[in-house]
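Q: Dropping a prediction and its sequence here:
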Amino acid sequence: YFGIQHECWPKDLREDEEEVIYRIVQESITNANRHGKAAHILITLTEENNWLKIIIKDDGTGCENPVKGFGLRHMQERLMLLHGALAYEGHGGFTIKAAIPLNRGDVYNDKNNDSG
């Protein structure tokens, strides 16, 4: 069973941002099934203070000391390219928390358009 909760989908996401979101959700679902043997996965998307927050929680076996394998490293690398962050924990199932800053383009555009 997959559940998805969201307030609203952020406006004007760039293609690279959408790709990172898709890959994080995809890898999280794969890990929940393959490693955690989860029966339920809840995906929550919220927008808060110009950050898109993604929480993916499953009811699988979890693990006390998660080892950052290829999947978690790859998620972190993709998020770093967007100046985002990744956190995870293995208590009571497994939870992945990802955050992506929104509206970064405005800051970069202002610097690029400065004829100073």
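A: Received it, and whenever you're ready, just let me know what you need.
Q: what about the residue lying closest to residue 89 once chain neighbours are set aside, helix or strand, and which?
A: Spatial nearest neighbour of residue 89, excluding adjacent residues (CB to CB, 6 or more residues apart in numbering): residue 95 at 5.3 Å. All C-beta atoms are positioned from the backbone trio N, CA, C, and that covers glycine. Under the criterion of DSSP states H and E, residue 95 resides in strand 94-101.
Q: same question, residue 80
A: With DSSP H and E as the criterion, residue 80 is inside helix 70-81.
Q: Past that helix, which element shows up next along the chain?
A: strand 85-89.
Q: strand partners of that following strand, parallel vs antiparallel please.
A: Next to strand 85-89 in the sheet, as set by DSSP bridges, lie strand 94-101 (antiparallel).
Q: Return the per-residue confidence for the residue nearest to residue 89.
A: Looking at residue 95, its pLDDT reads 96.
Q: Who does it form a beta bridge with?
A: Residue 95 has these beta-bridge partners by DSSP bridges: residue 57, residue 89.
Q: just to revisit the earlier point, determine the angle, from 0 to 180 degrees, between the strand holding residue 95 and helix 70-81.
A: 20 degrees (axes from the mean of the first three to the mean of the last three CA atoms, to 10 degrees).
Q: what's strand 94-101 in contact with?
A: Defining contact as CB atoms under 8 Å, 6 or more residues apart in numbering, one finds that strand 94-101 is touched by 17, 20-21, 24, 28, 31-32, 35-36, 38, 50-58, 60, 62-63, 66, 75, 79, 82-89.
Q: Repeat the analysis, applying 6 Å as the threshold.
A: 24, 28, 36, 51-58, 60, 62, 79, 82-89 (CB atoms under 6 Å, 6 or more residues apart in numbering).
Q: ok so, going back, if I look at the residue nearest to residue 89, how far off is residue 50?
A: According to CB to CB, to the nearest Å, residue 95 stands 23 Å off from residue 50.
Q: Those two - which one has more neighbours?
A: When neighbours are counted by other CB atoms under 10 Å, residue 95 comes out ahead of the other of residue 95 and residue 50, with 17 against 12.
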